[in-house]
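Asks: Task: produce atomic coordinates for the following.
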Amino acid sequence: MSKLSERPAAIVWFERTLLASQLVRIVNVSVNATAMAALLGVDKRSILIGPYANAMIALGLGLVVSRARVGFARWFVAVLVGFELLGLAGIPEVARMLGAPFAAFSTLAIILMLAAGVLMFRPQASAWLNQNKAD
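Replies: As a prediction, the model looks like this:
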């Protein structure tokens with residue numbers, strides 16, 4: 001593998017933190033799905049659709065950035081990060097309804113997603129993504 005095609009650490013860690021954020025979210029919701037379903041009066045399977053759909057979209061866009069090297073896709077991931085940050089406002093209510101552990105793991109997932117968002121805009125990531133334009 002040539003030096004030009006090696007992925008920088010920022011891109012590798014972007015992928016890792018993005019994946020970790022989605023895994024934390026899926027496990028957190030899966031563990032608490034019964035309580036969430038009872039609280040909302042819906043079927044447990046309905047609760048699980050959200051985190052899986054979110055993960056598919058976030059990871060799909062993340063792979064477009066980190067594997068296909070499409071720098072423009074970073075902006076779509078940035079929008080997802082923005083939505084995640086808006087979710088922080090509801091954390092106190094989530095803690096009240098579902099408990100502190102659920103709220104803590106939800107916050108962790110959001111922080112990991114924010115870290116991924118920061119990593120994909122690091123200078124070494126930007127330079128790597130822009131190599132395709134220069135080649």
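Asks: can we go C-alpha only for contacts and neighbour counts from here?
Replies: Will do.
Asks: Okay, helices next: where are they in the protein?
Replies: Ranges of helices in the chain, per DSSP state H, are 9-40, 44-66, 73-87, 91-98, 100-119, 123-134.
Asks: Adding mean neighbour count and mean pLDDT, write those helices out as CSV.
Replies: Formatted as CSV, these follow (neighbours: other C-alpha atoms under 10 Å; pLDDT from 0 to 100):
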stretch, mean neighbour count, mean pLDDT
helix 9-40, 18, 96
helix 44-66, 17, 95
helix 73-87, 17, 96
helix 91-98, 14, 95
helix 100-119, 20, 97
helix 123-134, 15, 85
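Asks: is it true that residue 51 touches residue 25?
Replies: Yes. If you go by C-alpha atoms under 8 Å, residue 51 and residue 25 touch, sitting 6.5 Å apart.
Asks: Give me the distance between residue 99 and residue 93.
Replies: Distance of residue 99 to residue 93, computed by C-alpha to C-alpha, to the nearest Å: 9 Å.
Asks: now residue 43
Replies: 22 Å.
Asks: Tell me which residues touch residue 71, please.
Replies: If a contact means C-alpha atoms under 8 Å, 6 or more residues apart in numbering, then residue 71 has 65, 126, 129-130 as its contacts.
Asks: Using CSV, please lay out the residues you listed together with distance to residue 59.
Replies: Converted to CSV, those look like this (distance: C-alpha to C-alpha, whole Å):
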residue, distance to residue 59
65, 10
126, 19
129, 17
130, 21
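Asks: ok, those vs residue 109, which is closest?
Replies: Using C-alpha to C-alpha, residue 65 comes nearest to residue 109 of the contacts of residue 71, at 19.8 Å.
Asks: For residue 88, see how far away the closest one is.
Replies: For residue 65, the distance to residue 88 (C-alpha to C-alpha) stands at 25 Å.
Asks: From the contacts of residue 71, pick the one nearest residue 29.
Replies: residue 65 (26.5 Å).
Asks: Report the contact partners of that closest one.
Replies: Residue 65 neighbours (C-alpha under 8 Å, 6+ apart): 71-74, 129.
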